[in-house]
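Engineer: Sharing a model prediction with you, sequence too.
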Amino acid sequence: FSALTSLVAMQTMRAVRYHGPGQPFTLDTVPVPQPAAGEVLVEVKAAALCHTELHFMDGTLNLGKAPITMGHEAAGVIAAVGPGVDGGRVGERVIVYYYQGCGTCRYCVHPEGHQQLCGALKGQHGFVSDGGLAKYLVTPAGNALALPPAVPFETAAPIGCGVTTAV
C-alpha cells in the first residue's frame, strides 16, 4: 500500500484551481504535468499572487477557461526537460515568463521580444494555461529564464508579472 501511495504521490500534486467566475479557488489534486518537445518541467519554489487572481474570483476577468491552475508569477528549478531541450538545464534556477506567444507575428519575432502584444497567444500561465500555484508547471524552454544564485526565489517570483508588465 505505501509503495502504491508513493507512486501516486509522484504522479499527482496539489494545485490552486479556478473553476469559474464567482467561485472560490480550490486546492485540488491534479496530475503532474509532463514536458513535451521544447518544454521544461519547473519545480516551483516560490509563487506570488497578484490582484489579477481576485479579478478571476469576482468575475471581472473571465477568459472562458476553467478549470485551470492559477499563478502567473513563479520561480523554481528545472526538474525535467522534454525532447529537444538540453538536459544540462536540469537543476537550473529559473524565473518563468508567463506569456507564450505564437512565435511568428511581428511582436513575437521583434528583436527585443514583445510577446505580451501577441494577438494569438499559445498560452499564458494562470490565465489560459496552467500556472505556478502548484508544485510543478510546464513551460516552453525559452520561457524559463536563468535566475542568478544571489536572487532568492521569493524575490524573483513577482518579477514575472510586476516588472514585465511595466516594460
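Structural biologist: Everything's here; your move. It should be emphasised that the depicted structure is a prediction, and the values quoted were computed from it without experimental measurement. Numbering: from 1, shown residues only.
Engineer: Give me the residue ranges of the protein where confidence is low.
Structural biologist: By pLDDT under 70, the low-scoring segments of the chain are 1-10, 163-167.
Engineer: okay, which residue is most central for this protein?
Structural biologist: Gly131 (3.7 Å; Cα atoms, centre = their mean).
Engineer: Could you check which helix or strand contains Leu27?
Structural biologist: Using DSSP states H and E, Leu27 sits in strand 26-31.
Engineer: Okay, buried residues for that strand please.
Structural biologist: Residues Val30 are the ones in strand 26-31 that count as buried (16 or more other Cβ atoms under 10 Å). To be clear about C-beta, it is placed using only N, CA and C from the backbone, and glycine gets the same treatment.
Engineer: next SSE after it?
Structural biologist: strand 39-47.
Engineer: So what are the sheet partners of that next one and their directions?
Structural biologist: Strand 39-47 sits in its sheet next to strand 74-81 (antiparallel), strand 136-140 (antiparallel), going by DSSP bridges.
Engineer: With distance to Gln115 and mean neighbour count as new columns, can these be given to me in CSV?
Structural biologist: CSV is the format used below for those (distance: least, Cβ to Cβ, whole Å; neighbours: other Cβ atoms under 10 Å):
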stretch, distance to Gln115, mean neighbour count
strand 74-81, 17, 22
strand 136-140, 10, 24
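Engineer: Between those strands, which one is closest to Cys102.
Structural biologist: strand 136-140 (11.7 Å; Cβ to Cβ).
Engineer: quick check: angle from that closest one to strand 26-31?
Structural biologist: 70 degrees (axes from the mean of the first three to the mean of the last three Cα atoms, to 10 degrees).
Engineer: Could you dump the strands paired with strand 39-47 into a markdown table with distance to Phe127 added?
Structural biologist: Putting those into a markdown table (distance: least, Cβ to Cβ, whole Å) gives the following:
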| stretch | distance to Phe127 |
| --- | --- |
| strand 74-81 | 13 |
| strand 136-140 | 13 |
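Engineer: Gln11: which of the ones you listed is closest?
Structural biologist: Between the strands paired with strand 39-47, strand 136-140 lies closest to Gln11; by Cβ to Cβ that is 11.1 Å.
Engineer: Quick one: distance of the closest one to the chain centre.
Structural biologist: Chain-centre distance of strand 136-140: 5 Å, with Cα atoms, centre = their mean, to the nearest Å.
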